[in-house]
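Novice: model the following, please.
(chains A, B, C and D)
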There are 2 protein chains.
Amino acid sequence: MALEHAILVSLLEQPGSGYELARRFDRSIGRFWTATHQQIYRVLRRMEADGWVAAQEVTQDGRPDKKVYSAADAGRAALSDWLRQPVEPETVRHELAVKIRAAAFDDPAALIPEVERHREGHAALLARYLHGEQRDFPDLDALGTRQELQHVVLRGGIEFERMTLAWLDDVLATLRRLAGDRPS
Amino acid sequence: MALEHAILVSLLEQPGSGYELARRFDRSIGRFWTATHQQIYRVLRRMEADGWVAAQEVTQDGRPDKKVYSAADAGRAALSDWLRQPVEPETVRHELAVKIRAAAFDDPAALIPEVERHREGHAALLARYLHGEQRDFPDLDALGTRQELQHVVLRGGIEFERMTLAWLDDVLATLRRLAGDRPS
DNA sequence: ATTGCCTATGCAACTCGTTGCATAGCAGGA
DNA sequence: TCCTGCTATGCAACGAGTTGCATAGGCAAT
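Specialist: A predicted model of the protein is given here:
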């Protein structure tokens, strides 16, 4: 139930409409918190009713009008509360790990293309992170608080992708060895 | 929608009742796929109706009777299909990352205890993994296919925890630096 | 001219997952 | 003796999240 808080952070960084938020959730914020436009619209209406965000109608020319939201004081207070709460059971869903264990009851070689596909995806994401780091943080010695915190999250993403790539190489080597041992 | 598949893997490794499965999902399998007993019972009934698993009533003495499930041929076939499918949009929910970015709009120092709690949790989990590795894989040169695959998943868990610990240290150093820069 | 895509918001129906509660016998400790 | 906890299964209700569809104007390409 932290979608509200992710939206608040995004609106504090930059006010925007539901549609704009949905696009952010497809890109930057979406790296660590996903949401569809449906969820976002529904939650925004609830947050507006609770006074967490304020909306302003913006009439546009040549395209539909939009409601631009920004974080209200009550929203900041709610975020502050949330920050101080312990929480997080963190439900884990690591489908590839299940598949790897499942491969023991099938042909391990059948999983190799899938793992290779994953590897490509993670390599591409790492490249994107590194490119984004160059672009958004050119001078690491002159960062404000917000940039420092954004950068430490980005470093986490980079390290996660590096570790994942190394592990996927390990998985591939293991699968290939098993496929060679007992070719089906 | 891979709970079915996680259950199938668990039942292939060892048949068991819904209750036993629920306990496994609190321990081993639950490291990469969580589920409550409610979900498991419901899905088991559906899987039995679909012929994916077979159930056998076991009357017990001194404790309630139970239904022991085991994977059926149709279940193995479904698992095999699933293994060959690309899939995985992988919805991400990294609450701590949201909190770190949120800290920029509050007091960064307020987050330190939370991050320290996380660090402890991950350190304990790493210790548990390493202990389990010693116990379950004493001789790494004499593993069968199933153990090889279980071990490569465990290696992934170990590397993930090591990476996470290093990153959390980085986060703590950053938060402490920011807290020192502008003490609130 | 038509097709398809983009902005912008929303309804309705559904599935997935969680929470609280109920039953029911047995074992162990205060 | 009462209370707690374990085994074992399940119902009912709710909330979170997904999917399909609808509207509606403007833009660009075929």
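
Novice: now the helices for chain A?
Specialist: Per DSSP state H, chain A carries helices over the ranges A:3-13, A:18-26, A:37-49, A:73-83, A:95-102, A:112-136, A:145-181.

Novice: okay, those helices in TSV with mean pLDDT and mean neighbour count next?
Specialist: For glycine as for every other residue, the C-beta is placed from the backbone atoms N, C-alpha and C. What follows is the helices of chain A, written out as TSV (pLDDT from 0 to 100; neighbours: other C-beta atoms under 10 Å in any protein chain shown):
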stretch	mean pLDDT	mean neighbour count
helix A:3-13	95	22
helix A:18-26	94	18
helix A:37-49	95	16
helix A:73-83	95	17
helix A:95-102	94	24
helix A:112-136	94	15
helix A:145-181	95	18
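
Novice: rebuild these as JSON lines, extending it with distance to residue B:115.
Specialist: Converted to JSON lines, the helices of chain A look like this (distance: least, C-beta to C-beta, whole Å):
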{"stretch": "helix A:3-13", "distance to residue B:115": "16"}
{"stretch": "helix A:18-26", "distance to residue B:115": "24"}
{"stretch": "helix A:37-49", "distance to residue B:115": "26"}
{"stretch": "helix A:73-83", "distance to residue B:115": "11"}
{"stretch": "helix A:95-102", "distance to residue B:115": "26"}
{"stretch": "helix A:112-136", "distance to residue B:115": "21"}
{"stretch": "helix A:145-181", "distance to residue B:115": "11"}
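
Novice: distance to chain B added to the ones you listed, as CSV?
Specialist: As requested, the helices of chain A are exported to CSV (distance: least, C-beta to the nearest C-beta, whole Å):
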stretch, distance to chain B
helix A:3-13, 5
helix A:18-26, 11
helix A:37-49, 11
helix A:73-83, 5
helix A:95-102, 4
helix A:112-136, 6
helix A:145-181, 4
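
Novice: which one of the ones you listed lies closest to DNA strand D?
Specialist: DNA strand D sits nearest to helix A:37-49 of all these, at 3.8 Å, using C-beta to the nearest atom of the strand.

Novice: neighbouring contacts of the closest one?
Specialist: With C-beta atoms under 8 Å, 6 or more residues apart in numbering or on different chains as the test, helix A:37-49 has contacts from A:3-4, A:7-8, A:18-19, A:21-22, A:25, A:53-55, A:69, A:75.

Novice: nearest to residue B:84, out of the helices of chain A?
Specialist: Closest to residue B:84 of those, according to C-beta to C-beta: helix A:112-136, at 7.8 Å.

Novice: for the residue nearest to the spatial centre of chain A, which non-adjacent residue is closest in space?
Specialist: Centroid-nearest residue in chain A, with C-alpha atoms, centre = their mean: residue A:31, separated by 1.7 Å. Ranked by C-beta to C-beta, 6 or more residues apart in numbering or on different chains and with sequence neighbours excluded, the top spatial neighbour of residue A:31 is residue A:157, at 6.2 Å.

Novice: good, we can wrap up now.
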